[in-house]
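Enquirer: Just need the structure, nothing else, for what follows:
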Amino acid sequence: MEQQESEVPPLPPRFRFRDLLLGDQSFQNDDRVQVEFYVNENTFKERLKLFFIKNQRSSLRIRVFNFSLKLLTCLLYIIRVATDNPGQGLNFFCVYLFFCFWFAQVIVAIISFLETMLLMYLSYKGNIWEQIFQVSFLLEMINTVPFIITIFWPSIRNIFIPVFLNCWLAKCALENMINDVHRAIQRTNSAMFNQVLILICTLLCLVFTGTCGIQHLERAGKNLSLFNSFYFCIVTFSTVGFGDVTPRIWPSQLLVVIMICVALVVLPLQFEELMYLWMERQKSGGNYSRHRAQTEKHVVLCVSALKIDLLMDFLNEFYAHPRLQDYYVVILCPSEMDLQVRRVLQIPLWSQRVIYLQGSVLKDQDLLRAKMDDAEACFILSSRNEVDRMAADHQTILRAWAVKDFAPNCPLYVQILKPENKFHVKFADHVVCEEEFKYAMLALNCVCPATSTLVTLLVHTSRGRSVILHNQEGQQSPEQWQRMYGCCSGNEVYHIRLCDSKFFGEYNGKSFTYASFHAHKKYGVCLIGIKREDNKSILLNPGPRHIMAATDTCYYINITKEENSAFIFNQEERKGRPARGNYDGPSQLPVHSIIASMGTVAMDLQNTSPPDLSGGKLVPPTINGTGGRRPSIAPVQEIADSSSILPCDLLSDQSEDDSVFIDEKGHSPTEYVKGYPPNSPYIGSSPTLCHLLAEKAPFCCLRLDQGCRHNSFEDAKAYGFKNKLIIVSAETAGNGLYNFIVPLRAYYRPRKELNPIVLLLDNPPDNHFLEAICCFPMVYYMAGTIDNLDSLLQCGIIYADNLVVVDKESTMSAEEDYMADAKTIVNVQTMFRLFPSLSIITELTHPSNMRFMQFRAKDCYSLALSKLEKVRQILSNRDKGSNLAFMFRLPFAAGRVFSISMLDTLLYQSFVKDYMILIARLLLGLDTTPGSGYLCAMKVTEEDLWISTYGRLFQKLCSSSAEIPIGIYRTESHIFTTSESQVSVSVDDCEDTKDKGDESRSNDQSDHPLLRKKSMQWARRLSKKSVRWQGASRDSSKDHAQRIAQQRLNLYRRSEREELSELVRNRMRHLGLPTSGYDEQNDHQNTLSYVLINPSPDTRLELNDITYKPNATDVNKMYLFLPLVLLLVNFSAFSKLFYFVLACVLLSTFC
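Expert: Prediction:
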């Protein structure tokens, strides 16, 4: 047997190889059994149950059929009543029924009865009595069984059967049918619709039941018609009760009582459920319909907590653009809408545009409610008021991932707080890192004053100069500085292709510098950047090496974009007279061009006259200013000679003779090199070429107030710094401080102008941060707070030019939102009083708290500005001004205060201007692109006043150093009034000088622009301190009292100042610090400063004006000196020597 089992029968030759590979298929097939698996039990009852109940589509068809049967029975009853003859019988229980009606009713009753019994059998769960005593089953039996009995008992065919009660069964069938529909389409949020449907059906059933019942019972009484019964029911249920139609017999009256009682019980319950669902829907916000999402454009705003300031900033900035007026904003927030937001969204202006949905971005169901897949964009904002900003970033990252997973094609605009979290959302279309921009902007404020104000005005939408609006920005003010500042605040950044532009189209094939200068001279626009068609990078002032091409995209600063402007030329240009290419006049335009408004904003170019040829020739200036001719400015070259451009090494500094820095006392020579920082504190930081130490400084040497084995210095005075200090007060040494140091140590900053940086930290930094900053020269840290005077003195505050106070994270959340800045404001106010010459740059959480910076309670001028701010808020609500209500506040205009929430508009504007974030990063030095320039500043000295106007300065910078000015930071002297009496006296003095003549008055106003008559009247009127004086009836005793009061006030201020000075000196002596530096401080508080963005070419320059100018790279500057080098070939030896020396001087000056 074993031998027989072991023998294998031979296989046919053609199957042997296949069976060897696949195995014995016959053996396997013989033992395989096919098994069918079912989800439900494979019984007849279960199959019927699946068809009638469980399956959505089949059960929906059954319920639609059942609903149709019930409606048919009700319709047959109405037809029977309409054809009824009341004279044939007045009995309640007998009615005349035609055979056709009876036959139809019997067929319907049989079908309904069989269906009811089948459903009862299928839904049986062990308790038969529970199913029998259901209301729907009883109604079915009442309306079907009598008709079936009449088949076998014909004598009772005319018996009355209340068929109208089938309306309640139709109502149940309709509810079940709607539920099946919602299940079939997977619609889960249909409770509101179901409840409204139930309420409507209940009302209809009550009215129909009452109408049919009263009509039938009144057959023995007044014999009401069906319409009169319906009229009576409507009047009764509406509680009107006219009384013209009333039931006459007691059965019908009893039915009315029963119906009213049922209505009083059922309807309030239905209304209560409806109101509850309505309130819940109001909290959650409902849905954004798919039809609206496909036919209308909308964006989604995702926030963790919606505050009224955040909402209004977004809405005002988003809807400031004309092409976004038809967009809808869907807000998706997990928290419930607060009262202030609810009130705002009830305003008709926003109620038709803004839809609030309560839900989580992490739920696909809520994203589907917001129709995220059909949205034009999704804005994800972080909650900056959270104490744990890292946790807030983590929530933002998850939201961004959820949106990208649900709607991959939806453009993402993400706001991140910490720079180390930025690489998690690199997939987003636009990302704004708050701390990156904040610290870079605060750093540039120290070397380019009011950079924060400059960038804020550029990225926000303003009205500026407009002939359409009657209330222009500051144009109604008698103050000259407010009119200029408000006029220039409307400048924004726009873009246009060169081939489509009238501004720049004529400069095709010319150099960038040439195009920028002549466009500003002719049209008043400032060309600041360019982008090649084959390159995605934007070049900020690429310099004269860049030749304009027709496919280039031009980025320019102007009041409005070119598309909203029309060009009106004079008769000479209409005849085709060509314009001159060289700029011979001082500040005149070659053509008379007026740009009138066609759409949103208009701009006017000044009227021009023919240039003065006698004094406008381009000749070299005379030596030492002698001679009667006005110095001329070299023309801007059209095209640079690219074949002869000399190479330039960015790693070498032509402005320095050596690379060794020796401090003022010769303590320690330090070697500087140029390179990229070796240790970045976080992933994703942009590499920037910086001044670095040849060898990293030990961690012990970074501590300013403690000596070590390398040096024994314990305060800033001992170091003997050559330049003034920059002190940064922060709570912790976050990675964002790295972005504060990098712009101040960038390679384009001259070594001799590097300012020492002292980090005054509440908490000591960790080694990771010290490792990142130890490679930078003159960067120190110290543990201390700004509310401690000893810490301020030890870190060298009396040797500092700038103190940067960064908003502390621990104070960002408070019980009262706007109190988060209380500690910072009071501490800064204390330093403002102790160190009057110190420039304090403060960051606040809430922009509305800017009014408390440098607060003067008795200054009528400041109170007048406060009144102006409140007026501007009212006008901005009427769409007559910009959204920056605090724009004319002196600290903001001077760049002394800044709030990061103002940069939220940068993210909002990127939806329309996708280049704004990149341009802002280039201006702030966060990104460095090869061939792109950088922002710096130049101060106008007495030697530069011969330039006279901004237009000539534009030409001077373009022709000499290839720099493009974009604005002016101006500082003016101002006498701040401290009392009402001083304002009144000043006004009286101005009134007394009224009869001195128009000429003397105009000269006085030009010398003292802020002490004019109109200015003082305006300040007095707005502060409601109107004290009228009459010169003829003045009392000498009152004048004497005023003078005594003023002297007493001056003595009080002087004694207070001396007391504060003595306090500081005593603390310095206690710490062993010399007081000489503090004694030399001057009070510079009686000045006001403001920013003028892209002023007109004829704007007069003033002493100490600071010009913002994106410099060209060093490579682009080299071409400027090539003509001098080429002249050496044909000149004599003496001429060669002279021009060689001149070239060396120019090279050392501008490089």
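Enquirer: those helices in the stretch 1-150 of the chain, which residues are they?
Expert: 2-6, 13-22, 25-31, 44-49, 56-82, 99-122, 128-132, 135-152 (DSSP state H, counting those that start in this stretch).
Enquirer: can I have the last one written out in PDB, keeping just the CAs?
Expert: In this case it means helix 135-152. Backbone C-alpha positions of helix 135-152 (Å, rounded to 0.1, in the frame of the first residue of the first chain) are rendered in PDB as follows:
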ATOM      1  CA  VAL A 135     -51.100  56.100  16.400                       C
ATOM      2  CA  SER A 136     -50.100  55.500  12.700                       C
ATOM      3  CA  PHE A 137     -51.300  51.900  12.900                       C
ATOM      4  CA  LEU A 138     -54.600  52.900  14.500                       C
ATOM      5  CA  LEU A 139     -55.200  55.500  11.800                       C
ATOM      6  CA  GLU A 140     -54.500  53.000   9.100                       C
ATOM      7  CA  MET A 141     -57.000  50.600  10.600                       C
ATOM      8  CA  ILE A 142     -59.700  53.300  10.900                       C
ATOM      9  CA  ASN A 143     -59.200  54.300   7.200                       C
ATOM     10  CA  THR A 144     -58.800  50.900   5.600                       C
ATOM     11  CA  VAL A 145     -60.700  48.200   7.500                       C
ATOM     12  CA  PRO A 146     -64.200  49.700   7.000                       C
ATOM     13  CA  PHE A 147     -63.700  49.900   3.200                       C
ATOM     14  CA  ILE A 148     -62.600  46.300   3.100                       C
ATOM     15  CA  ILE A 149     -65.700  45.300   5.200                       C
ATOM     16  CA  THR A 150     -68.000  47.000   2.700                       C
ATOM     17  CA  ILE A 151     -66.800  44.600   0.100                       C
ATOM     18  CA  PHE A 152     -68.500  41.700   1.900                       C
END
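Enquirer: what's the angle from the helix or strand just after that helix to helix 135-152?
Expert: Downstream of helix 135-152, the first helix or strand assigned by DSSP states H and E is helix 166-184. Interaxial angle, helix 166-184 versus helix 135-152 (axes from the mean of the first three to the mean of the last three Cα atoms, to 10 degrees): 130 degrees.
Enquirer: what's the closest of the helices of the stretch 1-150 of the chain to residue 893?
Expert: helix 56-82 (67.0 Å; Cβ to Cβ). From N, CA and C alone the C-beta is placed, and that goes for glycine too.
Enquirer: For the closest one, name the packing helices and strands.
Expert: helix 99-122, helix 166-184, helix 191-217, helix 226-237 (3 or more Cβ pairs under 8 Å, 6 or more residues apart in numbering; DSSP states H and E).
Enquirer: one step back: go through the helices of the stretch 1-150 of the chain and name the closest to residue 773.
Expert: Nearest of the helices of the stretch 1-150 of the chain (Cβ to Cβ): helix 56-82, 66.0 Å.
Enquirer: Show me what counts as buried in the closest one.
Expert: 59-60, 62-63, 66-67, 69-70, 72-74, 76-78, 80-81 (16 or more other Cβ atoms under 10 Å).
Enquirer: swap in stretch 530-545?
Expert: 530, 531, 532, 538, 539, 540, 541, 542, 543, 544, 545.
Enquirer: So which of the residues you listed belong to strands?
Expert: 530, 531, 539, 540 (DSSP state E).
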